[in-house]
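J.: One predicted model, sequence on top.
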Amino acid sequence: MNSKKSGRAAPDKKLAAVCGLFCPGCGFFIASTEDPARLRALSERFKLPVEELTCYGCRSEKRAFYCEKDCKMTKCAAEKGIDFCVECPEYPCAEMKEFQAQMPHRLELWECQARIREVGWETWYAEMIKHYSCPKCGTINSAYDMACRKCGTTPSCEYVRSHQDEVAKVAAAMGP
């Protein structure tokens, strides 16, 4: 699947995580949909089979190991009959606060949830395409792609530009 096509088609709710993450900007999603070599490298890094890392979005039938086994927000939202955490009267709950604080790709969850509430998930989705796209070639990059994975432009997208220091620390620890 071409990165431009995967993110630029009509907004797809299965790619809008209940927590506010944007699935097309996830390394597992990118690897699963268009970059088999990246998926194999992730498999080696995490020492998990490719099948456990394959992910087609938060609301899809096939999610990566963390989202499948450990995500409490998806289960909670389903139990409460809501689409996004921001719709919950308990938002932000302790689980969401802990989740947000763990990794740099989650730094903007509060802003994402606020935008979803303010403008709706479809408009937020369109904004996220721009936020994660390379300013030069338009490729959607992950929060950990310091340089665009297609053309090499640095930073790869607005998200990385905004959080370069936090992302660089984790990217360096993860290796190539």
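T.: Received, thanks.
J.: tell me the secondary structure for the nearest residue to Ala168 once chain neighbours are set aside?
T.: Computed as Cβ to Cβ, 6 or more residues apart in numbering, the closest residue to Ala168 that is not its neighbour in sequence is Met146, at 6.5 Å. (Each C-beta comes from the backbone N, C-alpha and C, glycine too.) Secondary structure, DSSP: H, G, I helix; E, B strand; the rest coil: Met146 is coil.
J.: count of neighbours near Met146?
T.: 17 (other Cβ atoms under 10 Å).
J.: what's near enough to touch it?
T.: 154-156, 160, 164, 167-168, 171 (Cβ atoms under 8 Å, 6 or more residues apart in numbering).
J.: again with Asn141
T.: Applying Cβ under 8 Å, 6+ apart to Asn141 gives the contacts 25, 30, 132-134, 148-149, 156-157, 160.
J.: tell me the secondary structure for the residue nearest to it when sequence neighbours are not counted?
T.: Spatial nearest neighbour of Asn141, excluding adjacent residues (Cβ to Cβ, 6+ apart): Ser156 at 3.9 Å. Three-state call for Ser156 (three-state DSSP): coil.
J.: Poorly predicted segments of this protein, please.
T.: Scanning the chain for pLDDT under 70 picks out 1-9, 171, 173-176.
J.: ranges for the helices of it?
T.: 3-8, 27-34, 36-46, 50-53, 65, 72-80, 94-102, 109-119, 121-132, 158-162, 164-174 (DSSP state H).
J.: Mean neighbour count added to these, as JSON lines?
T.: Shown next, in JSON lines, are those (neighbours: other Cβ atoms under 10 Å):
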{"stretch": "helix 3-8", "mean neighbour count": "18"}
{"stretch": "helix 27-34", "mean neighbour count": "23"}
{"stretch": "helix 36-46", "mean neighbour count": "14"}
{"stretch": "helix 50-53", "mean neighbour count": "16"}
{"stretch": "helix 65", "mean neighbour count": "16"}
{"stretch": "helix 72-80", "mean neighbour count": "15"}
{"stretch": "helix 94-102", "mean neighbour count": "14"}
{"stretch": "helix 109-119", "mean neighbour count": "17"}
{"stretch": "helix 121-132", "mean neighbour count": "19"}
{"stretch": "helix 158-162", "mean neighbour count": "19"}
{"stretch": "helix 164-174", "mean neighbour count": "13"}
